[in-house]
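*Asks:* When you get a sec, could you give me coordinates for this:
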Amino acid sequence: MPDGQFGSRYNPEASAPRYIYTKGSEWLKILFDDNEKLIYHYNKSDDGEKIEPTRLYPKVPLQLINGSLGIASGWSNYTPSFKLKDVANNIIQYLTKGTFSPMMPWYRNYLGTLTIDDGKIVCTGKHKYEIGVLTIYDTHIATYRTKLTEYL
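*Replies:* Okay, here's the model as predicted:
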């Protein structure tokens with residue numbers, strides 16, 4: 001577990017950007033090649049200490065692993081999350097055969113269902129209704145539980 005608060009889909013409030021001193025997990029050593037440290041350029045703290053590289057070069061595209069959602073003037077983006085194994089296999093397939101296979105979006109611990117219909121991702125939460133009692137096990141990926149609780 002990394003040291004620091006990075007937010008989650010259960011709580012939309014990520015850590016404030018002023019908290020720049022965090023420590024990554026051991027698995028990061030697998031994701032980044034130690035030999036590339038030689039080409040990194042580092043940001044420095046006010047006292048001149050190296051604090052972080054200006055950019056990192058992962059072995060797989062993290063945009064596809066983490067997914068993203070954002071808007072800006074004239075631009076918008078939605079990239080769903082995919083399994084690391086599926087992304088890695090697709091990279092190997094492309095390098096050896098020159099083709100990609102379709103990938104299914106994936107979110108860790110998500111209890112609902114994800115399907116693709118007519119080229120669009122359909123996300124359905126999981127719930128149960130019995131004799132006047134609604135039990136919600138999971139919501140749509142883009143719905144924060146705190147907002148749903150406030151709504152109900």
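
*Asks:* mind checking the SS state of Asp47?
*Replies:* coil (DSSP: H, G, I helix; E, B strand; the rest coil).

*Asks:* Tell me the pLDDT of it.
*Replies:* Listed pLDDT for Asp47 reads 82.

*Asks:* Quickly note the distance from it to Lys37.
*Replies:* According to CB to CB, to the nearest Å, Asp47 stands 22 Å off from Lys37. Bear in mind the C-beta positions are built from the backbone N, C-alpha and C, glycine included.

*Asks:* And those two? Which one has more around it.
*Replies:* In this view Asp47 and Lys37 are compared by other CB atoms under 10 Å, and Lys37 has more residues nearby, 11 against 6.

*Asks:* just checking, the more buried one is part of a strand?
*Replies:* No. Using three-state DSSP, the assignment for Lys37 is helix, not a strand.

*Asks:* ok, which stretches of the chain are strands?
*Replies:* With DSSP state E, the ranges of strands along the chain come out as 42-44, 50-53, 68-72, 75-79, 113-117, 120-124, 126-130, 133-138.

*Asks:* got JSON lines for these, with mean neighbour count and mean pLDDT too?
*Replies:* Conversion of the strands of the chain to JSON lines gives the following (neighbours: other CB atoms under 10 Å; pLDDT from 0 to 100):
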{"stretch": "strand 42-44", "mean neighbour count": "11", "mean pLDDT": "83"}
{"stretch": "strand 50-53", "mean neighbour count": "14", "mean pLDDT": "78"}
{"stretch": "strand 68-72", "mean neighbour count": "10", "mean pLDDT": "85"}
{"stretch": "strand 75-79", "mean neighbour count": "10", "mean pLDDT": "88"}
{"stretch": "strand 113-117", "mean neighbour count": "11", "mean pLDDT": "90"}
{"stretch": "strand 120-124", "mean neighbour count": "12", "mean pLDDT": "87"}
{"stretch": "strand 126-130", "mean neighbour count": "10", "mean pLDDT": "90"}
{"stretch": "strand 133-138", "mean neighbour count": "12", "mean pLDDT": "86"}
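
*Asks:* So for the chain, the centremost residue is which one?
*Replies:* In the chain, the centroid-proximal residue (CA atoms, centre = their mean) is Asn66; its distance is 2.1 Å.

*Asks:* and that residue, what is it in contact with?
*Replies:* Asn66 sits next to Ser81 when contact means CB atoms under 8 Å, 6 or more residues apart in numbering.
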